[in-house]
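[1] Provide a 3D model corresponding to the input given below.
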Amino acid sequence: MEFIIFLSKVDKEIIELVRKANYSIEENSPICLTNKKYIGFHNRSEKLIVICTQNAKKITNFRKKQLLNKDDNHKTKLYIKKALRHEATHMIQSCNNNKIIGNIEDIKKRLNKNKIKALKSSMKISGSNLNREYEAYLMEDKPRKVIKAIKKYCL
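    Numbering: from 1, shown residues only. Purely as a prediction, here's the structure:
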């Protein structure tokens, strides 16, 4: 899986835990073609997380030659890391009987305007529960909390 080259040590631990929770991770599945703006998907019934690496690379203008200079592909790395954490949070919620694990009022207070804009956009396609999306967007920046929550709710 190509997306692993963009991950930190902490994010690679998330992948390990996702697999221990009996989930599969796929890359660039056909579902990625439904909307080029989406970088990740969670499929509860199939226990599957999909990372759309090709979409992330297109959105962030990834260039293969830039792989040598770590700073040039910072945006691609960021998008892929956040997608993994976001979808892992949906997995955690699924392990918790499809409920959020935090306090929704605290979660809403912590989201910035850009995350709220992205949340509204993703709601148009996913039709997901708004509170679950709020939490997933907040957890994108908290990989250690994602790890802790996977251990608590899914293992």
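[2] correct me if wrong: residue 108 contacts residue 133.
    No: with contact defined as CB atoms under 8 Å, residue 108 does not count as touching residue 133 (11.2 Å). Where C-beta positions appear, they are placed from N, C-alpha and C, glycine not excepted.
[3] between the two, which has more neighbouring residues?
    residue 133 (22 against 14; other CB atoms under 10 Å).
[4] now for the helix or strand hosting that one, which elements pack on it?
    With secondary structure defined by DSSP states H and E, residue 133 is part of helix 130-139. For helix 130-139, the helices and strands in contact under the criterion 3 or more CB pairs under 8 Å, 6 or more residues apart in numbering; DSSP states H and E are helix 74-95, helix 104-110, helix 113-126, helix 143-153.
[5] averaged pLDDT, the second one. What do you get?
    What that stands for is helix 104-110. Confidence for helix 104-110, expressed as mean pLDDT, is 77.
[6] residues contacting the helix holding residue 133, please?
    Residues outside helix 130-139 that contact it (CB atoms under 8 Å, 6 or more residues apart in numbering): 85-90, 93, 98, 100-102, 104, 107-108, 110-111, 115-116, 118-119, 122-123, 126, 145-146, 149.
[7] from residue 94, how far out is the closest residue to residue 20 other than its chain neighbours?
    Nearest-residue entry for residue 20: residue 155, 5.9 Å, with adjacent residues in sequence omitted and distances by CB to CB, 6 or more residues apart in numbering. When distances are taken as CB to CB, to the nearest Å, residue 155 and residue 94 turn out to be 13 Å apart.
[8] go on, residue 143?
    Using CB to CB, we find residue 143 at a distance of 19 Å from residue 94.
[9] so where's this protein uncertain?
    Low-confidence segments of the chain, defined by pLDDT under 70: 65-72, 117-128.
[10] give me that answer again for 90
    Scanning the chain for pLDDT under 90 picks out the ranges 35-38, 61-74, 102-134, 137-138.
[11] related to what we said a few turns ago, which of the residues in the helix holding residue 133 are buried?
    132-139 (16 or more other CB atoms under 10 Å).
[12] looking at the residues you listed, which one is closest to residue 14?
    residue 139 (10.6 Å; CB to CB).
[13] appreciated, that's everything.
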